[in-house]
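Peer 1: Could you work out the structure for the sequence below:
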Amino acid sequence: MNEHELLAMRHDKDQFFKLHPQSPLTPEQQEKFTGLNYYDPNPDLDLIVDVQPLDNKEYVTVDTTTGELRRYERYGRFSFTIDGKKAELTIYQSPHGYFLPFVDANVGTETYPAGRYLEPEQIDVNTFRVDFNLAYNPYCAYGDGWSCPITPVENHIDVAIRAGEKNPTLG
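Peer 2: Coordinates of the predicted model:
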C-alpha cells in the first residue's frame, strides 16, 4: 500500500471511530476523540515473506481478555530482520482467514500492552504480504466489554515494530 492510500485509510478509520455508532469508543470518548496515534508510514516494514508451513498443523487455544477461548490453527512461521535484529512470528489461520497477533519491544510504552494485530495477505501458497503499517490495536484497547485474543507467547518479539497504530490515548 502506498503512503497516500495508507493515510486515506487512516483518515477513514479515524472518522469511523469518531462518528459511527458501531465505533469501539463510548459516546463520551467519541466526543473528545481527535484521532488514533500512528507511527509515520514506513515502507521498509511492508514485507513480502516466505512462510515455512508447519508440518504438524496443530491447533492452539488462545485465551481472550474476557476469559473466552478461541481456537486457531498454527499455519506457519516466518523470519525477518529489523534494525539488524532477527525476529520470527507465527501466522495463524481460522475460518475467517489469516491472523497475526504480535507483541513487540515497545509494548507498554509506545504500543498497546496486549499487542497488536494484522491480517496477512496470502500472495502464493507460502508467500504472504505482512504490512506492519496496517498493525492495529484490538478493540479491548479502548474499553471493557470487548473479547480480544491475547497474543500467544511465541509471537512476543524483542524488536521494535515502529509501524501501524501506537498505544491509544483517549481523553
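Peer 1: T61 reaches R74, doesn't it?
Peer 2: No: using CB atoms under 8 Å, T61 makes no contact with R74, being 11.4 Å away. All C-beta spots, glycine's among them, are computed from the backbone N, C-alpha and C.
Peer 1: what about the two, which has more around it?
Peer 2: R74 (18 against 9; other CB atoms under 10 Å).
Peer 1: in this protein, which spans are helices?
Peer 2: Here the chain has its helices, by DSSP state H, at 3-19, 27-32.
Peer 1: Packing partners of the longest one?
Peer 2: Think helix 3-19. Here helix 3-19 touches helix 27-32, going by 3 or more CB pairs under 8 Å, 6 or more residues apart in numbering; DSSP states H and E.
Peer 1: again with the shortest one
Peer 2: When contacts are defined as 3+ CB pairs under 8 Å, 6+ apart, helix 27-32 packs onto helix 3-19.
Peer 1: Direction included, what does the lengthiest strand in the chain pair up with?
Peer 2: If you go by DSSP state E, the chain has its longest strand at strand 69-82. Paired strands of strand 69-82, with direction, are strand 52-53 (antiparallel), strand 59-63 (antiparallel), strand 85-94 (antiparallel) (DSSP bridges).
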